[in-house]
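> Fold the stuff below for me.
(one chain, ligands or ions: 2)
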Amino acid sequence: MSDFHYRDGGLWAEDVPLTQIAEQFGTPTYVYSREYFETQYRAYADALGDHPGLICYAVKANSNLGILSLLAQLGAGFDIVSGGELERVLMAGGDPARVVFSGVGKTAQEMRRALEVGVHCFNVESTAELDRLESVAAETGARAPVSLRVNPDVDARTHPYISTGLKENKFGIAIDSAVYAYRRAAASGHLEVVGVDCHIGSQLTELAPFLDALDRLLLLIDQLAEEGIRLKHIDLGGGLGVRYRGEEPPPVSDYLGAVRERLGDRKLELVLEPGRSIAANGGLLLTRVEYLKRTEEHNFAIVDAAMNDNLRPALYQAWQDIVAVEPDNGEVESWDIVGPVCETGDFLGKRRELALQPGTLLAMLSTGAYGFSMSSNYNSRPRAAEVLVDGERTYLVRARESLADQVRGESRVPEKN
Ligand SMILES: Cc1ncc(COP(=O)(O)O)c(C=O)c1O
Ligand SMILES: N[C@@H](CCCC[NH3+])C(=O)O
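Numbers count the residues shown, from 1 in each chain. Ligands and ions are numbered 1, 2, ... in the order given. Next up is the predicted model:
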């Protein structure tokens, strides 16, 4: 039985009916299944098996402390892209020695803090960043562990906004010039070269681009070894896709099986940074229909969640399934499910076949990744509550924002005299 399933005519999260969650916590609310996150993390850990390495969950996919803490309890590592994400990991009980620090714009302050707590490595994305890291390390007297993020120029065959491993993208150091950057890092007394990293994109549904990137990285590793620069680990980033509609991404075991086979008996630790494949199908967004509005063109169902809660449809024209929590036998019609935000792009789904009434409770599925974490206060809307379900228990892992939360730090100005 899946973690979100119909039972007694209604949709449940594990052993809790979603109607109960809506009643207790209101809507819109993100609902997560603990079991799902644990199963997905374990799929990676099991597929890694006895091969040395780290599964570093990409915090940006879902950075709620409840989620991070349950992963920390399983021994997960974390992939972070900001000082804020680092502090979240620490607050959740994560081990800094299992943290890899990615991102193209690390500040000196963020570097200092990461050195202080002792992260596993910095995934350095440019030579300018290498210079900054070297001077921060020199200042603090630490030796910074460095893995260069190379851009292997591989087509991930995914949405252009979430493809990151092509020459034209802003990420990483071009693989052709990586050797120079490695020589530069290896010659520094303040930097310790430990690995190589790449991340070619997100929502990949085929293995070939991952394996092409891996092959290119292995060539680089051999070239570096000839110069006496020996790497301890290879980090293939995240990117494994999930099923939103008809996609059939390869199972984690096939992916890691193929990678391990390619690595053969090389003594290279394997680091992975999965986000979406751990989180997406572990969450849903619970929302209620406020109004039904029929025009000559369309039927609109205006719900209480909006693009500020889930930006993916507006940003990528992403499709995520929307289902009724208590399917009734009313007349099924085609509806555009839209939010209250003043933007034409504020939709959650178009042309959805549903039987709706004002007050109908809906669940937008596959929203555990890049859902709440990309939400905002646009239109001064409070960000949604987040509830984690564990069997029959519910934990409010983030309270719905209040107006006071929203205006904290803002102030009026005195009248002009
Ligand atoms: C550097 C890095 N690592 C890991 C991830 C996680 O990717 P995904 O959620 O596709 O697994 C991302 C986001 O795409 C990323 O930019
Ligand atoms: N936010 C994106 C994925 C971007 C991943 C970050 N590199 C999504 O919702 O699909």
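
> so where is the stretch 101-250 of the chain shaky, pLDDT-wise?
159-168 (pLDDT under 70).

> Give me every residue in it that's in contact range of ligand 1.
102, 199, 202, 237-240 (CB under 6 Å from any ligand atom). All C-beta atoms are positioned from the backbone trio N, CA, C, and that covers glycine.

> give the contact list for the residue nearest to Pro382 when sequence neighbours are not counted.
Leaving aside its chain neighbours, Pro382 sits nearest to Glu401 (3.7 Å; criterion: CB to CB, 6 or more residues apart in numbering). Taking CB atoms under 8 Å, 6 or more residues apart in numbering, we find Glu401 in contact with 377, 382-383.

> so how far is Ser202 from Ala280?
10 Å (CB to CB, to the nearest Å).

> just the residues of the stretch 101-250 of the chain next to ligand 1 that are near ligand 2?
Of those, the ones that also sit near ligand 2 (CB under 6 Å from any ligand atom) are Ser202.

> Can you tell me which of the residues of the stretch 101-250 of the chain next to ligand 1 is nearest Glu87?
Ser102 (16.0 Å; CB to CB).

> wait, what's in contact with the closest one?
Applying CB under 8 Å, 6+ apart, the residues contacting Ser102 are 79-81, 123, 125, 149, 197, 199, 273.

> Next: Glu343.
Counting by CB under 8 Å, 6+ apart, Glu343 makes contact with 307, 314.

> can you tell me how far it sits from Leu133?
If you measure Glu343 against Leu133 using CB to CB, the figure is 40 Å.

> Pull up the gap between the closest residue to Asn379 other than its chain neighbours and ligand 2, please.
With sequence-adjacent residues excluded and distances taken as CB to CB, 6+ apart, Asn379 is closest to Val341, at 5.0 Å. According to CB to the nearest ligand atom, to the nearest Å, Val341 stands 18 Å off from ligand 2.

> Would you confirm that Val341 contacts Tyr378?
Yes. When contacts are counted by CB atoms under 8 Å, Val341 is listed as touching Tyr378 (6.3 Å).

> The two: who's more crowded?
Set Val341 next to Tyr378 and count neighbours by other CB atoms under 10 Å: Val341 wins out with 18 against 15.

> got a list of what that one touches?
306-308, 378-379, 381.

> Now do the buried residues in the strand or helix carrying Ile21.
Taking DSSP states H and E as the definition, Ile21 sits inside helix 18-25. Buried residues in helix 18-25, counted by 16 or more other CB atoms under 10 Å: 18, 21-22, 25.

> Nearest to ligand 2 among the contacts of Val341?
Here the nearest of these to ligand 2, counting by CB to the nearest ligand atom, is Met307; it sits at 12.8 Å.

> Tell me, what's the model's pLDDT at the closest one?
Per-residue pLDDT puts Met307 at 98.

> Next, count neighbours for it.
25.

> Now do the SS call for it.
Assigned state for Met307: coil (three-state reduction, DSSP: H, G, I helix; E, B strand; the rest coil).

> so it touches Ala314, yeah?
Yes. Counting by CB under 8 Å, Ala314 is a contact partner of Met307 at 4.5 Å.

> gap between Val150 and Pro209?
15 Å.

> same deal with Gln40?
21 Å.

> Val242 - nearest residue in space that isn't next to it in sequence?
The spatial neighbour of Val242 that comes closest, neighbours along the chain excluded (CB to CB, 6+ apart), is Ala280 at 4.5 Å.

> need the contact list for the one you found.
Ala280 makes contact with 61, 242, 244, 366-370, according to CB under 8 Å, 6+ apart.

> Same list (those) but as JSON lines, adding secondary structure.
Below are those laid out as JSON lines (three-state DSSP):
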{"residue": "Ala61", "secondary structure": "helix"}
{"residue": "Val242", "secondary structure": "coil"}
{"residue": "Tyr244", "secondary structure": "coil"}
{"residue": "Ser366", "secondary structure": "coil"}
{"residue": "Thr367", "secondary structure": "coil"}
{"residue": "Gly368", "secondary structure": "coil"}
{"residue": "Ala369", "secondary structure": "coil"}
{"residue": "Tyr370", "secondary structure": "coil"}
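
> shared neighbours, Val341 and Tyr378?
Jointly contacting Val341 and Tyr378 under the rule CB under 8 Å, 6+ apart are 307-308.

> Tell me the spacing between Gly330 and Glu353.
To Glu353, Gly330 is 12 Å away according to CB to CB.

> Between those two, which has more neighbouring residues?
Taking other CB under 10 Å, Gly330 and Glu353 do not tie; Gly330 has more neighbours (12 against 8).

> Distance check, the more buried one against ligand 2.
Counting by CB to the nearest ligand atom - Gly330 and ligand 2 are separated by 33 Å.

> Can you check what pLDDT the model gives that residue?
Value for Gly330, per-residue pLDDT: 88.

> Touching, it and Leu292? I think so.
No. Gly330 lies out of contact with Leu292 (CB under 8 Å); the separation is 11.5 Å.

> Between these two, which contacts overlap?
Both Gly330 and Leu292 are in contact with 356-357, where contact means CB under 8 Å, 6+ apart.

> In a strand, the residue nearest to Pro382, correct?
No. Assigned with three-state DSSP, Glu401 falls outside any strand and is coil.

> and stretch 40-58, how far out from the chain's middle?
16 Å (CA atoms, centre = their mean, to the nearest Å).

> quick check: mean pLDDT across it?
Mean predicted confidence for stretch 40-58 is 97.

> All set now, cheers.
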